[in-house]
Structure formats: structure tokens, C-alpha cells
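K.L.:
Quick one, fold the following:
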Amino acid sequence: MSARTHGRSRAFIDAVDLPEKVKADAKAVYDIIAQAESTAHGAEIENIHFHEVGSLDAVADVLCVCELLYEITPEKVMASPVNVGYGHVKCAHGIVPVPAPATELILRGVPMYSGRVESELCTPTGAALYAQQPPPRRPAPMPRHAAPRPDTPPPDGAPR
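P.N.:
Model (predicted):
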């Protein structure tokens, strides 16, 4: 079984035994994903078929994050700029650039960057979980890394 359409995802979420606030937040996450996928594909939301984000483990991930936020009730959510990675990723639609079109649409207006990791570091699900949080979403400072030891080789042949 899977929840591969927007309607089936919402129905699955409605059927779980969790507080209504958790279910509403999880459905809001899937609404964000559906809107982005609809825009990316130029199709009506009802005609969007979720692939990776519609798997039951993805729905469970969203429900768990929403339940956690419900339980801890943070005053605000802070995040550093989102490292989306770079390169290409293989998905149900073939090979797409990173960030995937839906991820890029969801994160428009959010500070993001491509670091040194050639991989998809932020999925549409992760982007939607971030975007679903109410303002203010204040950016946290970028992490500071300790200087490398003198005997540490530079990454990928970069100059010292």
C-alpha cells in the first residue's frame, strides 16, 4: 500500500490516530508538495502522482516530524540557510538537476546554497516541512567549522 496521490496521502493522514493539529500540519506539508509538483509539471493537483514523497515511509516521516513539533511546541523554528547540494539525482521522472524542480519552487525566498556535496541534500519533503512552519522562520547563523589541521589534505584537490 502507498499514498501515491495527494488525495490518498490526505486520506491516509486522516485515518491515523494522532491529534487533529498533527494531522492538519501533515496535510499542509503535502499541500505544499502537491502545489509545487503541480506547478513543476503543469498539471492539476488532482492529476499529480507522488512518487518518492508518496511512499508510506515518507508519510510516516512527515507525521513524525509534525508530532514532534506538536509535542515540543517550539516558540519559533530557526534554521541555517539550506544546503540543497548540487548535481543531478535519479528519480521516477528520470535524471533531474539538484535542487529538484519541486524543491526549488518550495524554497523560493528561503536562503539556500549549494555546498561541496554532489548529492540531493534537501528533498521536496524536507523543503515542505521547513516551509510549513509559521513565520518567523529566522535564519540561524551559518555553522563555523574549526580550521583544518595542517596535515589535512584539501578537499578535491583545492589549493591550500
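K.L.:
in this structure, which spans are helices?
P.N.:
6-15, 20-41, 56-72, 101-106, 124-131 (DSSP state H).
K.L.:
could these go into a markdown table alongside mean neighbour count?
P.N.:
In this view, the C-beta of every residue, glycine as well, is placed from N, C-alpha and C. Below are these laid out as a markdown table (neighbours: other Cβ atoms under 10 Å):
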| stretch | mean neighbour count |
| --- | --- |
| helix 6-15 | 17 |
| helix 20-41 | 20 |
| helix 56-72 | 16 |
| helix 101-106 | 23 |
| helix 124-131 | 23 |
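K.L.:
which stretch in those helices has the least confidence?
P.N.:
Lowest mean pLDDT within the helices of the chain: helix 6-15, at a mean of 89.
K.L.:
Pull the residues that contact it.
P.N.:
Here helix 6-15 makes contact (Cβ atoms under 8 Å, 6 or more residues apart in numbering) with 2-3, 23, 26-27, 30-31, 34, 45-46, 48, 50, 54, 56, 59, 63.
K.L.:
Tell me which two in those residues are the farthest apart.
P.N.:
Taking Cβ to Cβ, the two most distant members of the contacts of helix 6-15 are 46 and 63; they sit 22.6 Å apart.
K.L.:
residues in contact with the residue lying closest to residue 35 once chain neighbours are set aside?
P.N.:
Nearest residue to residue 35, sequence neighbours excluded (Cβ to Cβ, 6 or more residues apart in numbering): residue 45, at 6.8 Å. Shown here is residue 45, whose contacts under the criterion Cβ under 8 Å, 6+ apart are 6, 34-35, 37-38.
K.L.:
now with 10 Å?
P.N.:
5-7, 31, 34-35, 37-39 (Cβ atoms under 10 Å, 6 or more residues apart in numbering).
K.L.:
Export those residues as a markdown table, with columns for distance to residue 130.
P.N.:
Compiled in a markdown table, those are given as follows (distance: Cβ to Cβ, whole Å):
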| residue | distance to residue 130 |
| --- | --- |
| 5 | 23 |
| 6 | 19 |
| 7 | 24 |
| 31 | 14 |
| 34 | 16 |
| 35 | 15 |
| 37 | 17 |
| 38 | 19 |
| 39 | 18 |
